[in-house]
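>>> with the sequence up front, the predicted model follows.
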Amino acid sequence: MRIIAVANQKGGVAKTTTCINLGASLAYHARRVLIIDMDPQAHSTLGLGFEPNELDRTVLNVLEPPRSPYHLELKEVIIPTRTPNLYLAPANIDLAGAEYRLIDKLGREDFLNSSIQRSNISFDYILIDCPPSLGILTVNALKACREVIVTIQPHYFAMKGIEEFMETMDLMRENLRHDPEIYVLITIADVRTNLYREVVEEVKKYFGDHLFETVIHRNIALAEATSHGVPVIEYEPSSSGAQSYLNLAKEVIKLEEKKSGERLLRRN
């Protein structure tokens with residue numbers, strides 16, 4: 001089971017769009033996928049057609065201490081979406097209170113990871129949609145994952161944001177002894193500009209082959225699909241947005257195959 005957080009402390013860089021559409025594209029490729037919505041704005045929940053305020057079981061219950069009367073295991077909050085093979089652990093605005101409720105709890109960085117490990121759930125992929133901050137919710141997501149996809153928009157402040165994020169990852173390595181692999185996805189891109197080319201070159205220098213070849217271009221179908229509560233592959237499968245996320249899913253699957261091959265070589 002691969003656990004991937006989609007993160008960036010900056011908002012508006014297509015984290016949620018990537019979670020929903022990468023998840024649906026992996027499901028299209030016959031993978032069983034769970035999206036965990038860790039953002040109090042609940043955009044993954046909304047974008048998959050659910051009304052957050054009507055839900056009485058959410059990720060907040062998972063983050064409650066095990067002895068709390070409000071605690072639920074992860075498998076108890078998971079709901080199926082309309083997309084075959086795609087499931088959701090939803091959120092709503094109540095999740096915003098987790099930052100304050102967990103602040104003095106022992107092991108607060110590990111609540112999500114512990115719940116995933118305890119739960120008897122069977123998925124090929126878990127994608128975690130992080131909030132646009134580096135608080136306790138994002139730290140829980142990063143501690144639970146084995147890989148991180150950092151989405152960036154190619155503009156002047158992109159590399160500054162990447163540097164800040166990498167500083168957070170350095171602290172996690174030092175203090176929590178956790179070191180997930182980091183990949184970068186360029187989103188909301190206008191490839192015609194010089195700025196785009198400059199940012200791509202800088203990211204390539206820093207991350208090498210950990211920069212996805214797939215680029216998510218500006219595409220109205222992506223925004224429209226979200227407003228209709230469905231992934232773009234169901235809303236307009238022939239759109240460039242749908243095709244881009246299908247290509248991204250293929251890249252992610254190839255990484256899985258590459259790692260399996262490396263493990264086999266090590267054993268031999």
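Structure's in. What do you need? Numbers count the residues shown, from 1 in each chain.
>>> for this structure, which spans come out with low pLDDT?
156, 259-268 (pLDDT under 70).
>>> for it, which strand is longest?
Counting by DSSP state E, the longest strand found in the chain is strand 181-189.
>>> mind checking how far that strand is from the chain centre?
Relative to its chain's centre, strand 181-189 lies at 11 Å (Cα atoms, centre = their mean, to the nearest Å).
>>> ok, now stretch 44-62?
The answer for stretch 44-62 is 16 Å, by Cα atoms, centre = their mean.
>>> end to end, how far does that stretch reach?
By Cα to Cα, to the nearest Å, the extent of stretch 44-62 from end to end equals 17 Å.
>>> tell me the first helix or strand C-terminal of the longest strand of the chain.
For strand 181-189, the following helix or strand on the C-terminal side (DSSP states H and E) is helix 194-207.
>>> next, the buried residues of that next one.
Judged by neighbour count (16 or more other Cβ atoms under 10 Å), helix 194-207 contains these buried residues: 196, 199-200, 203, 207. In this view, the C-beta of every residue, glycine as well, is placed from N, C-alpha and C.
>>> shouldn't Asn247 be in contact with Thr214?
Yes - with contact defined as Cβ atoms under 8 Å, Asn247 reaches Thr214; the gap is 4.7 Å.
>>> more neighbours: these two, which one.
Thr214 (20 against 16; other Cβ atoms under 10 Å).
>>> taking strand 181-189 as reference, get the angle to the helix or strand hosting that one.
Element membership of Thr214 [criterion: DSSP H and E] is strand 211-217. Relative orientation of strand 211-217 and strand 181-189, computed by axes from the mean of the first three to the mean of the last three Cα atoms, to 10 degrees: 20 degrees.
>>> counting contacts, what elements does the longest strand of the chain pack onto?
On a contact count with 3 or more Cβ pairs under 8 Å, 6 or more residues apart in numbering; DSSP states H and E, strand 181-189 meets helix 15-28, strand 147-152, helix 158-176, helix 194-207, strand 211-217.
>>> so which of those is the most packed in?
Counting by mean count of other Cβ atoms under 10 Å, helix 15-28 has the highest mean neighbour count of the helices and strands packed on strand 181-189, with a mean of 27.
>>> how far off centre is that one?
In terms of Cα atoms, centre = their mean, the centre of helix 15-28 is found 9 Å from the chain centre.
>>> now swap in stretch 87-97 and tell me
Stretch 87-97 sits 14 Å away from the centroid of its parent chain (Cα atoms, centre = their mean).
>>> contacts for it?
Stretch 87-97 has contacts (Cβ atoms under 8 Å, 6 or more residues apart in numbering) with 32-42, 44-45, 48, 50, 52-53, 55, 57-60, 62-63, 74, 77-81, 123, 137.
>>> check contacts around Ser239.
219, 221-222, 232.
>>> recalculate using a threshold of 6 Å.
If you count contacts by Cβ atoms under 6 Å, 6 or more residues apart in numbering, Ser239 has them with Ala221.
>>> re the thing from before, buried only: go through the contacts of stretch 87-97 for me.
Neighbour counting with 16+ other Cβ under 10 Å marks 32-42, 44-45, 48, 50, 52, 55, 58-60, 62-63, 74, 77-78, 81, 123, 137 as buried within those.
>>> so which of those residues are in strands?
Members of these lying in strands (criterion: DSSP E): 33-37.
>>> got the phi/psi numbers for the residue lying closest to Glu64 once chain neighbours are set aside?
Excluding the flanking residues, the one nearest Glu64 by Cβ to Cβ, 6 or more residues apart in numbering is His71, at 4.1 Å. With angles defined as degrees, to the nearest 10, His71 sits at phi -70, psi 140.
>>> export the longest strand of the chain to PDB, keeping only CA atoms.
Output in PDB follows, covering the C-alpha atoms of strand 181-189 (Å, rounded to 0.1, in the frame of the first residue of the first chain):
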ATOM      1  CA  GLU A 181      10.500  10.600  -0.800                       C
ATOM      2  CA  ILE A 182       9.600  13.900  -2.400                       C
ATOM      3  CA  TYR A 183       8.400  14.500  -5.900                       C
ATOM      4  CA  VAL A 184       7.300  17.700  -7.600                       C
ATOM      5  CA  LEU A 185       4.400  18.300  -9.900                       C
ATOM      6  CA  ILE A 186       4.000  21.500 -11.900                       C
ATOM      7  CA  THR A 187       0.400  22.700 -12.000                       C
ATOM      8  CA  ILE A 188      -1.700  25.500 -13.500                       C
ATOM      9  CA  ALA A 189       1.100  26.100 -16.000                       C
END
